[in-house]
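Q: Provide a 3D model corresponding to the input given below.
(one chain, ligands or ions: 1)
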Amino acid sequence: MFFKFAFGALATAAASMVAVSAAPAVDVAASVSSPDSAQVDGHLFVCTDNNFTGVCANVAFNVDQCINFVSPFQDTISSFGPDSGFICITYTDNNCQGLTYTAVAPGFSSLPSGINDAISSFQCFHN
Ligand SMILES: [Ca+2]
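A: Next up is the predicted model:
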């Protein structure tokens, strides 16, 4: 998860990964009905392209909560990673159903066929 980003918007996304306070992450969190950022347990950093590039967001979660992705992250994620201290299970269908792919920090800079561009929801736990 530690890459140099070529574009300003991506640099902002990278900064949000650390500061967990940037506007894009908050907007996405709200759009997927994530809990209030002041009360969340952690964040799953997701990007639409490999190597944590493309459109990225730091999606807030509470442990044991299943969150469905919405546009632009529904069936587009190609790299992702959770905050340290958590294990996150992604699913190829909504409501945490379908094939699973599990990550701990720093996550995966690319995903295998069948998972790439197929993730629809996720659920995280303390690791
Ligand atoms: Ca993708």
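Q: tell me the buried residues in the helix or strand where Cys88 lies?
A: Element membership for Cys88 (DSSP states H and E) is strand 86-93. For strand 86-93, a neighbour-count test (16 or more other C-beta atoms under 10 Å) marks Phe86, Cys88, Ile89, Thr90, Tyr91, Thr92 as buried. (Glycine included, C-beta is placed from N, CA and C.)
Q: do the same with stretch 92-101
A: Neighbour-count burial for stretch 92-101, with 16+ other C-beta under 10 Å as criterion, is recorded at Thr92, Cys96, Tyr101.
Q: ends of that stretch, how far apart?
A: End-to-end distance for stretch 92-101: 9 Å, by C-alpha to C-alpha, to the nearest Å.
Q: please apply the same query to stretch 103-116.
A: End to end - C-alpha to C-alpha - stretch 103-116 spans 14 Å.
Q: and it, what's buried?
A: Applying 16+ other C-beta under 10 Å to stretch 103-116 flags Ala103, Ala105, Gly107, Phe108, Ser109, Leu111, Ile115, Asn116 as buried.
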